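Enquirer: this one's sequence-less:
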């Protein structure tokens, strides 16, 4: 693949930078600057933290050799997506951990998945870049890692009060990593290699924008269902549309898909507003929501790619149907937005 045109190589590089920025950058480093709140919440001491932090390196050590072998055997697309999904599961387990043993298991799993992703990103670059450009490509990719770490260390302490503490922050990262893993799996799997990296970058950038726009719109109009359901239905339709268009229309589809998927953030706002849940029980409610989400994240690639072996269109229909089902289930919940509470009063 080293004969790919330069524009394609840089799009692939952007794809890898996104993984480095979020998955091996922010999600790895953020805990370093919020150790005290974590230890206080769990009732642990510095010696416990030393063990937990060492467990991350132990997991990475155990995963280093198998990770490379997996990439060589099954290819970097599927292995990186699987590693990122497993990393999101490790983050969720960390967020839900009620004691030392659970968080220790989460740290070990996170370390292992860190190796799975990290070992295969340079391999992805090696498949696209000629030897004369590999040094620069890997340098730029690692720059994404450094940027993610730097932003995490600056933002994490400031965000705690706004996202429900360290657990809420960890849940948010788990959701972002899940989204990135699924975008990687769907776009890279469903497109020609020459287009995949650029499409991933477009969807991810649009998703970031959508995560700011749609939840903010929901706050402004005071309604949750009226924003989430149409947004997720539109995202599902764009998943299906991605199977039918190429060229500039496909770019437009990717942009709309990413923007519409930003409504996902509302899933984490509703439990806080439900009368019988509220902040007191929101952790349990969000935990159950994450359980369902990660179960779907586990089954979706397995079922979708099995369908793709028969006909790629079946896979896109299945994934679009998953979005539609999510919108339908959300619509069954009572409206919790400010406008609805005002009407009830």
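Expert: Thanks, I have the structure now. Source: prediction; values computed, not measured.
Enquirer: in the stretch 201-345 of the chain, which spans are helices?
Expert: 225-241, 248-261, 270-273, 278-310, 312-332, 338-344 (DSSP state H, counting those that start in this stretch).
Enquirer: in JSON lines, list those along with distance to residue 129 and mean neighbour count.
Expert: C-beta here means a position set from N, CA and C on the backbone, and glycine is covered the same way. Formatted as JSON lines, the helices of the stretch 201-345 of the chain follow (distance: least, C-beta to C-beta, whole Å; neighbours: other C-beta atoms under 10 Å):
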{"stretch": "helix 225-241", "distance to residue 129": "30", "mean neighbour count": "21"}
{"stretch": "helix 248-261", "distance to residue 129": "23", "mean neighbour count": "20"}
{"stretch": "helix 270-273", "distance to residue 129": "45", "mean neighbour count": "20"}
{"stretch": "helix 278-310", "distance to residue 129": "27", "mean neighbour count": "15"}
{"stretch": "helix 312-332", "distance to residue 129": "28", "mean neighbour count": "17"}
{"stretch": "helix 338-344", "distance to residue 129": "51", "mean neighbour count": "13"}
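Enquirer: quick one: closest of the ones you listed to residue 130.
Expert: With C-beta to C-beta as the measure, helix 248-261 is the member of these nearest residue 130 (26.7 Å).
Enquirer: tilt between that closest one and helix 312-332?
Expert: 30 degrees (axes from the mean of the first three to the mean of the last three C-alpha atoms, to 10 degrees).
Enquirer: quick one: buried residues of the helix or strand hosting residue 92?
Expert: Assigned by DSSP states H and E, residue 92 belongs to helix 76-96. For helix 76-96, the neighbour count (16 or more other C-beta atoms under 10 Å) marks 76-96 as buried.
Enquirer: other SSEs contacting the helix or strand following it?
Expert: Toward the C-terminus, helix 76-96 is succeeded by helix 100-128 as the next helix or strand (DSSP H and E). Helices and strands touching helix 100-128, by 3 or more C-beta pairs under 8 Å, 6 or more residues apart in numbering; DSSP states H and E, are helix 6-21, helix 46-74, helix 76-96, helix 131-159.
Enquirer: for helix 100-128, the distance to its chain's centre please.
Expert: 14 Å (C-alpha atoms, centre = their mean, to the nearest Å).
Enquirer: buried ones in it?
Expert: Here helix 100-128 shows 103-126, 128 as buried, counting by 16+ other C-beta under 10 Å.
Enquirer: now the angle from that helix to helix 46-74?
Expert: Using the same axes, to 10 degrees: helix 100-128 against helix 46-74 is 40 degrees.
Enquirer: for residue 171, give its distance to residue 110.
Expert: Going from residue 171 to residue 110 by C-beta to C-beta, to the nearest Å gives 14 Å.
Enquirer: er, residue 231 actually
Expert: Residue 231 is 30 Å from residue 110, by C-beta to C-beta.
Enquirer: and residue 242, its phi and psi?
Expert: phi -60, psi -20 (degrees, to the nearest 10).
Enquirer: what is the burial count for it?
Expert: A count of nearby residues for residue 242, using other C-beta atoms under 10 Å, gives 23.
Enquirer: do residue 29 as well
Expert: Around residue 29 there are 18 residues (other C-beta under 10 Å).
Enquirer: what do you get for residue 266?
Expert: Residue 266: 23 neighbours (other C-beta under 10 Å).
Enquirer: surely it touches residue 215?
Expert: Yes. Using C-beta atoms under 8 Å, residue 266 is in contact with residue 215, at 5.8 Å.
Enquirer: mutual contacts of these two, please.
Expert: When contacts are counted by C-beta atoms under 8 Å, 6 or more residues apart in numbering, residue 266 and residue 215 are jointly contacted by residue 227.
Enquirer: give the contact list for the closest residue to residue 263 other than its chain neighbours.
Expert: Counting by C-beta to C-beta, 6 or more residues apart in numbering, residue 263 lies nearest to residue 231, which is 3.2 Å off, once chain neighbours are set aside. Contacts for residue 231 (C-beta under 8 Å, 6+ apart) come out as 210, 214, 260, 261, 262, 263.
Enquirer: what's the most distant pair in those residues?
Expert: Counting by C-beta to C-beta, the most remote pair of the contacts of residue 231 is 214 and 261, 8.9 Å apart.
Enquirer: quick one on the thing from earlier: give me the angle between the helix holding residue 92 and helix 100-128.
Expert: 160 degrees.
Enquirer: which secondary structure elements does helix 76-96 contact?
Expert: helix 46-74, helix 100-128, helix 165-190, helix 278-310.
Enquirer: returning to that earlier point: need the winner for burial among the helices and strands packed on helix 100-128.
Expert: Highest mean neighbour count of the helices and strands packed on helix 100-128: helix 76-96, a mean of 24 (counted as mean count of other C-beta atoms under 10 Å).
Enquirer: please compute how far it lies from its chain's middle.
Expert: Going by C-alpha atoms, centre = their mean, where helix 76-96 is centred and where its chain is centred differ by 8 Å.
Enquirer: tell me the average confidence for it?
Expert: The average pLDDT for helix 76-96 rounds to 86.
Enquirer: residue 324 versus residue 318, what's the distance?
Expert: 11 Å.
Enquirer: quick one on the thing from earlier: got a markdown table for the helices and strands packed on helix 76-96, with distance to residue 206 too?
Expert: A markdown table is the format used below for the helices and strands packed on helix 76-96 (distance: least, C-beta to C-beta, whole Å):
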| stretch | distance to residue 206 |
| --- | --- |
| helix 46-74 | 28 |
| helix 100-128 | 22 |
| helix 165-190 | 10 |
| helix 278-310 | 20 |
